[in-house]
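1. missing the sequence, but the structure's below:
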């Protein structure tokens, strides 16, 4: 409730509706049209259409207008459908039921009706509908536990606490009487800043300061707490979750870039043909001996306005030849990508039965990019490993122990060796220094996690990290006085327990050992290195005992820092550093994280495919190297180079120069490079070129102790190098999001660290092993399909329009069209569109099993091999060649039989379809249906179009032409002869290249045919 007078100033706050959709009913048409006409091809055809409307052109405006309308309509329907799905998802969220405190009671309403200042009740396992300030919970201290996996990917259980002044308000009646003013900063999108830095929040109940521990973010989920009450402070699109709905930067595939380059080349060809035709027309008219025929003579007005007529003629030729630009290419490519993406989700080989998860496509625009990957950047924990921790070993007071059947067995001692005081302190530290919460499935009336028969109910652990959970489960009632939370700068956490006034601290060895003044430091350091070499994740544990005076001073300092209104985070950091010093080392722990299934085989397959794998991890050096060796990233015979623990530019540069020399001297040996985060920062500061030279000469690179932004920086560094390689990043956690978004292709693993990586990825898979089929099979197929599709479109259009250009030499450049306007309009839309679309969805030039079992075939399509300028030039020359054969073949064969004059579009249609059939390796009934069906449709349409007088058509130039054509034997002979002549040389070229210079893919095709024939022969012999 807002106060009637005083502090409150009425403001207009956002409502609680979440809007992820792009369009509304009112702005869909203008906004969608604006976006579509930003495309060069669409805008070009719009200009051509307007030119046809304004001047007298040889073809009807319908020839450009109808295909343009078709492309715009299909694209608008696709985008409208996708936006409708977003509207549907928004309505589900906005219409979710919630309970708010109003008029002394709980009122059920919809989420979208919540306003700033409403008090909302949230029950266990529900998500918070708005950003709330916690007022009270069902617990006396006003605490609750929250998971933010849907926000930042962290599965840890975070503790939030209400201020004491409102924690006692646990009834609806008391909350309804609450009058307060909340002063808060402007909405901010940064999630991590709130978790890492404290900002001044105020609630004026005797001016009690609030910290982020009292803020509950929308999208987080309430755990291990029956219910809480909170007041809405940020709603709708001002919540942190909504502010993080930033649109990802548009990723463009190499195929799309090639397509745009080809489009520009064809525009240049178009302009050249139009200019040449205009110049030749006026050059011919300038010759006095060539008198104009009476039917093509100029009027007086035309003779007196030659400049205007010149421009008009140029535009007329531009319109006449404009079909050399394939307008339907974009919509066909979009449909191919959209429909083709379903095959990834339907692939049962990418289905993980244990978790019931299928592969997921978030961005269909990058399907073909899966076939062009040159570098893979992968996280380690949860991506190469299972992210399931099991306690294996520990070091206590310089003695190493192993876990055997639930017991700690010391090396060199019997199982019954007594534990001393240090051992008890160590186990006590492991049991207490954590943020694990326990939840029991309690029955009604049960008191605590025990049933009436005394049997313990199942316990559910919520941990800040899987390491903690594994340690607590292995160690399994002290009251904690203070918790010094973990943060990545300190890299440790601490607790202060009540009875002995003890501080227990745990963290990375780099943050604990330098602060320890006593204990078996040297022995423990050796044991930590041994644990790391076995691939175990390590933590060091230490403690400190306080005198009563020290404890009072610590309590006072902590209270002052936590209640500070300014520079709170800096003060807390200083106090934490003051407390966590002069430690006595207790020991270290080693926790195992198992490798995922078939990780080694997948990495080896990637290497055979010519793909370099880089592992980017936050783990310590020894652990990361051990896992790299065990997963096959590093070979045992590989020469491991190191660039670690450098603290100055000079030493880092000198080490880089030494590594470069070693690589040149030992060029035969394979090298692997290990670099840590600190050295990486130095290397990228002034020695970027030298560092990249060393990395590119290494077969495998391992980067350890990496921060999330460093991961993205490494990906960007390689992505923007002169070679411009195609990169792929794969990870499972929120710390991998930055590199996933930075890479050309981002893949999220559906792991145990939330869904943030999956939501921000282009593709999502359940296991790392699925990457091989995603690249070697789906990526290979998608690239081959779309490469053929794009070049075939340009081929059939140049083949279709070039005869129109050649015809002008025979009609004195009078802009007479060779084709009927209806055929010009339907050529790309109806007659030739479906066969190439079906080809681009179903083509399999090699069996999927062969592609996956022979990763080396992936090299045949690398570096855009099938869509470079060489194959593009081949298809373009082929189109011109077929056009010349068609035109001059028809001209020479015509003689006195004028029926061949009406056979132009028919010959070209059949030629285009037969060329598509020649490219097809994998025939299904759908391919047969659309290929031969398109020819049949052409015949049926021509018979109806030319055989009937249609009252709504002004002219029918093709009336009865097709009937006469089909009755001519010479026409049928010409069709067969011209089509065979066009395809003959292409067939000869394919046969010669297959026998003289076969690719690895073509060899695999021959071997597959041999095995099939051998299998059939053996089967017949047995029968």
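-> Sure, I can see it. All figures in this text were calculated on a predicted structure; none of them were measured in a lab. Numbering: from 1, shown residues only.
2. every contact and neighbour count from this point should use C-alpha atoms.
-> Will do.
3. pLDDT weak spots in the stretch 701-850 of the chain?
-> 734, 751-756 (pLDDT under 70).
4. what about the strands in it?
-> 727-731, 745-749, 763-765 (DSSP state E, counting those that start in this stretch).
5. partners of the first one, with directions?
-> Sheet partners assigned to strand 727-731 using DSSP bridges are listed as strand 375-378 (parallel), strand 745-749 (parallel).
6. what does it rub up against?
-> Applying C-alpha atoms under 8 Å, 6 or more residues apart in numbering, the contact partners of strand 727-731 are 373-380, 382-383, 715, 719, 736-737, 739-740, 743-749, 757.
7. could you dump the strands paired with strand 727-731 to TSV with mean neighbour count and distance to residue 558?
-> Putting those into TSV (neighbours: other C-alpha atoms under 10 Å; distance: least, C-alpha to C-alpha, whole Å) gives the following:
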stretch	mean neighbour count	distance to residue 558
strand 375-378	23	40
strand 745-749	29	40
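8. for those, which one sits closest to residue 231?
-> strand 745-749 (35.0 Å; C-alpha to C-alpha).
9. ok now that closest one, how far from the chain's centre?
-> Between the centre of strand 745-749 and the centre of its chain there are 5 Å (C-alpha atoms, centre = their mean, to the nearest Å).
10. go on, stretch 260-279?
-> 37 Å.
11. quick check: mean pLDDT across it?
-> Computed over stretch 260-279, the mean pLDDT rounds to 88.
12. what does it contact?
-> Under the criterion C-alpha under 8 Å, 6+ apart, residues 310, 313-315, 317-318, 321-322, 324-325, 805, 808, 813, 872 lie in contact with stretch 260-279.
13. one step back: of all the strands of the stretch 701-850 of the chain, which one is nearest residue 793?
-> Of the strands of the stretch 701-850 of the chain, the one closest to residue 793 (C-alpha to C-alpha) turns out to be strand 745-749, at 26.3 Å.
14. would you point out the most distant pair within the contacts of stretch 260-279?
-> 310 and 872 (33.4 Å).
15. the two: who's more crowded?
-> Set residue 310 next to residue 872 and count neighbours by other C-alpha atoms under 10 Å: residue 872 wins out with 21 against 16.
16. what sits against the more buried one?
-> Applying C-alpha under 8 Å, 6+ apart, the residues near residue 872 are 262, 791.
17. so which strand or helix has it?
-> Assigned by DSSP states H and E, residue 872 belongs to helix 869-894.
18. in that helix, what counts as buried?
-> Neighbour-count burial for helix 869-894 flags 872, 875-876, 878-887, 889-890, 893-894 (criterion: 16 or more other C-alpha atoms under 10 Å).
19. how near is the spatially most central residue of the chain to residue 367?
-> In the chain, the residue lying closest to the centroid (C-alpha atoms, centre = their mean) is residue 762, at 2.0 Å. Distance, residue 762 to residue 367, by C-alpha to C-alpha, to the nearest Å: 9 Å.
20. what's the answer for residue 558, then?
-> 54 Å.
21. in terms of neighbours, single out the busier of the two.
-> When residue 558 and residue 367 are compared for neighbours, residue 367 comes out ahead with 29 against 20, by other C-alpha under 10 Å.
22. per-residue pLDDT, the more buried one?
-> At residue 367, pLDDT is 87.
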